[in-house]
Structures are given as structure tokens and as C-alpha cells.
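S.K.: build me a model:
(chains A, B, C and D)
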There are 2 protein chains.
Amino acid sequence: MPHPPFAVTVDLVVLTVRAGRFCVLLVERGEDPFAGRLALPGGFVHIDEDLPDAAVRELAEETGTGEGVHLEQLATYGTPGRDPRMRTVSVAWLALAPDLPEPTAGTDAAAAHFVPLDDLDERRLAFDHAAILRDGVERARAKIEYSPLATAFCDTEFTVAQLRAVYEAVWGHPLDPRNFHRKVTRTPGFLDETDRTSTVDGGRPARLFRRGTLEVLSPPLTRGDS
Amino acid sequence: MPHPPFAVTVDLVVLTVRAGRFCVLLVERGEDPFAGRLALPGGFVHIDEDLPDAAVRELAEETGTGEGVHLEQLATYGTPGRDPRMRTVSVAWLALAPDLPEPTAGTDAAAAHFVPLDDLDERRLAFDHAAILRDGVERARAKIEYSPLATAFCDTEFTVAQLRAVYEAVWGHPLDPRNFHRKVTRTPGFLDETDRTSTVDGGRPARLFRRGTLEVLSPPLTRGDS
DNA sequence: GTAATAGTGTCTTTCAGACAATATCGA
DNA sequence: TCGATATTGTCTGAAAGACACTATTAC
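M.R.: Okay, the predicted model is just below:
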């Protein structure tokens, strides 16, 4: 039985919503292969390191912290030749983060930036990262339908309008504020009401909520495809 | 940059429905580690081989064929020590198969058998295969809700009752035949009607259907949790 | 005829989508 | 006062769950 020398890496699809835009964290590569192209943050898994630990470590290296960030395994990519240097198998992870401060440039060699997905020409991406990113974005779009995961894009306390803005940015189309409000506030366990309100968006003060304990929404929210 | 020597394997969660029972394909291990225990079929990925190709190859080795079998990547498992011999990262795949003839014992060293999940004591499983199996079963249970994937457990042509039997076996509880019939036959694209009928289950002959072109059911079928 | 299974129809409830109306703030 | 946003309510249509009823076979 052979057990050939594979290199194993983790790649991160870190998504956030900034100013109403759905964004992904990308680094500009300084070296070949793909020098000057954009890449998902990632790196080698250490020989004695568990896969989630490697993902958390890379996330902390790129964003400074993993506080309040949802992290889940996405899929694994291992086509021969995907990295021209050696045979690598990359375990991709999906991270959903609230609007973080711009990543600290000092930590890693290359600076990482959040890029709005609408502005991104995916041909600028290195390796097979365009495919990984597509899979991550589709997973996020699908998963906020039937889970309360959209709250991972919000701060600890948030208004219904802020949560709605997340859905609108991720799905790319507007939702009816009144029906959305009814759905999220009347699904038991989705949101926990606080006794505070927020005025930052003008108009009548909006109640602040926290994420509830519910894990699965049934029936789900619907993208409506329109 | 280190690129340590990992071994990369594929493991298969091959599920089927036999005689109304939800079953998984398992092999009995002949050698240590875990000699005598049950394991998911699998093996090493060749150094020049793509991951889906390795999964298809292992599936053919264990079942004789991959005809009509749905195959999708499940998740990747790489905790240090999961294989006591070396550091391995295993890409697990989920396969949904119609009721195959009992696997040909001659192909591989160990004989593979379909074991009803109800009869399986998961402590008999080797490595971390109990966790992989749980994830695969949960994926299958969830996915037949919103996709026409339950048809992968059926032959090319099947009756509504046979399809319902698949749902009942996978979810583990009975469904109302009349409401189920309405749902699957009146969801456009789910099923294609043929001009043939079947009498094998007694009673009035049942129309035979084939899988339609629909990929996503919305609204989905519901497990009903009851 | 009876037994068995296939398939249709009907009623009720839940819920999404459309949108009117009211509430509470700042200017 | 007005303008903006929050929140509640109302109507309608789609669809699930419960279940009566009809249809077509084997015996």
C-alpha cells in the first residue's frame, strides 16, 4: 500500500457584509505561482495539528481574531496540478464574520482586504480559488435560508433592519421589511428580544435583538428568486 | 514552508434501502489496527489521481459498478491519531445506491455487506467511522427533503409507493400515502410519468415513473419530526 | 363478492406575499 | 408640522396534514 507525500492545506472563504455589500477576504500574492493575483487566505496544516485548529489559526493570522466568527468546513479540493509546485489537497472552510475592522496588515506578509463580490473579476483569482469561492458563497446563500446563521454577520445586538440588510446583501435583492419582520420575530427561538433600542438608522427607534437558541428554521426563509 | 508527508484516503458511506431497511455498506477488517471491526470501504488516493476519481474507483471495487449511483463529497476528517499508523486525511464521500446485488466478494480481500443501520452497534466501527457514518446519514436524511435524491435509491422506473418506502426507511417513520402521492406527482419536474404500470405490490396496478429533471424542491418535503 | 393497493377530492390550518395603517423618533 | 423608519394588522393564495371516497387489480 502506498502512502504518497501529499501536502495538506486549509483555505478560508471569509465572508462579511460591509456597508450593504457582500464581501470576501482576499490577499494579494507576492510570489509565484500566481504573483500579483488574488487568493483566499490559507496555509499548510501542521503535521500534528487538527484540521479545525489549522483553520482557526489561519483565521486569527489574517483577521486578528476569531471572536464571534462562525466557522464550518466547506469542501476539499485536490485536483492534481491545482498547485503547480506539488500535489496539494486543500480543505476549504467557510467563515462568516461581522463587519471586522480592516485586517491588521502587519501580521502576515501580504495585506488582506475585504473585496465586494460584485466588484470582483474572478479571473483575477489564483489556483482554483474561483471555484472554492463560488461554492462558499452558494453555501452561505443557501444556509441563511434554513438556519439563523445570518446573525453571524451582525454584532451581538442588532435590529431587524440590520439583519434584513444582511439578507439583502447576501441574496442581492430587496425583501419586504414588514413580512421579514413578522417572519424573524414570530419564529420562536430565532431572536431574543432585549430591552434596548437603537436610533442609528433614523426614524422610530428599533428594538435590539440577540441571536436566539434556534438552530434550524422550519419553515425556512425563502430567497424568492425574484 | 513545510509540506509534511500526509497520506490522503477516501472513505465511502454507501447507503441503500433493502427490504424497507436503511443500510450501509461495511467491510470487516482482517488486519490491525481494528482487526475484526467493521469499517467503511475506502483506500489511498493515488498521487496522480483526482479525488472524485479515487472515490469512483473505490466504489467500483466494492460494489462492482457505479452505475446509477449518486456520489457526492461529504466532508474531510483529519484528526491526528485517527489512524494510529500514520497521519492521514480522509475525504469522505456519500453514495446513494439502488438495491444492488450483494457485493461480489471476490474483488477485494474483505467481503463487503450491507448492514441495516438499526442493527448496527456503532461501537463496532473502526477508526472514526462512526462519526463519518453519522454525518453521511444525516446528510442523506436532510437532502431528500429538498432534492429528488431519494430516486437514487430506486431503480430507473419505480412506483410512488416504492419511492415512499424509501422516504419511510430513511426517515424511520411512516408517511401518509395520499398526501405523499399528491406532493410528488404534482411537483412539476420531480417525476416523469411513463405509460407502464406495475403489479408487484398487489392491488390496483401502480403507474411507473422515472426521475424528472428537477434539481431542487421548493417547497421541500417535510420530515415532520413525528 | 372481498382484500389490497392506487389514486382523487375536500376541509382546515399554516404561512408567504402584497400592502394598508399606525407608532415613535429627529428636524 | 413633516419625513423617516418601526411595527402591527389584514387580505389572498399556496400548500401541508387529516382523512373520506373512488378505481382497479387478484382471489
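
S.K.: residue ranges of each domain in chain A, please.
M.R.: A:6-143, A:147-211 (automatic domain parsing).

S.K.: is chain B contacted by the last one?
M.R.: The reference is to domain A:147-211. No: if you take Cβ under 8 Å from any Cβ of the partner chain as the test, domain A:147-211 misses chain B, and the best it gets is 11.6 Å. Glycine gets a C-beta too; all of them are placed from N, C-alpha and C.

S.K.: average model confidence for that domain?
M.R.: Here domain A:147-211 scores 96 as its mean pLDDT.

S.K.: quote the end-to-end distance of it.
M.R.: This stretch, domain A:147-211, spans 11 Å end to end (Cα to Cα, to the nearest Å).

S.K.: so how far is it off the chain centroid?
M.R.: 18 Å (Cα atoms, centre = their mean, to the nearest Å).

S.K.: kindly report the same for the first one.
M.R.: Between the mean C-alpha location of domain A:6-143 and the chain-wide mean there is a distance of 9 Å, by Cα atoms, centre = their mean.

S.K.: just checking, next helix/strand downstream of the helix ranked longest in chain A?
M.R.: Counting by DSSP state H, the longest helix found in chain A is helix A:129-146. Toward the C-terminal end, the helix or strand that comes next after helix A:129-146 (DSSP states H and E) is helix A:160-171.

S.K.: rewinding a little: helices and strands around the longest helix of chain A, which ones?
M.R.: Helices and strands touching helix A:129-146, by 3 or more Cβ pairs under 8 Å, 6 or more residues apart in numbering or on different chains; DSSP states H and E, are strand A:7-18, strand A:21-28, strand A:70-77, strand A:88-96, helix A:160-171.

S.K.: that one vs strand A:70-77, what angle?
M.R.: Regarding helix A:129-146 and strand A:70-77, their directions subtend 140 degrees when assessed with axes from the mean of the first three to the mean of the last three Cα atoms, to 10 degrees.

S.K.: hang on, the earlier thing: need the helices and strands packed on helix A:129-146 in CSV (columns: mean neighbour count).
M.R.: As requested, the helices and strands packed on helix A:129-146 are exported to CSV (neighbours: other Cβ atoms under 10 Å in any protein chain shown):
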stretch, mean neighbour count
strand A:7-18, 24
strand A:21-28, 20
strand A:70-77, 20
strand A:88-96, 25
helix A:160-171, 20
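
S.K.: closest one to A:G202 among these?
M.R.: Across those, A:G202 has its closest neighbour in helix A:160-171 (10.4 Å, Cβ to Cβ).

S.K.: which residues are in contact with that closest one?
M.R.: With Cβ atoms under 8 Å, 6 or more residues apart in numbering or on different chains as the test, helix A:160-171 has contacts from A:17, A:20-22, A:140-141, A:144, A:150-151, A:153-154, A:174-175, A:177, A:180-181, A:184-185, A:191, A:201, A:206-207, A:209, A:221, A:223.
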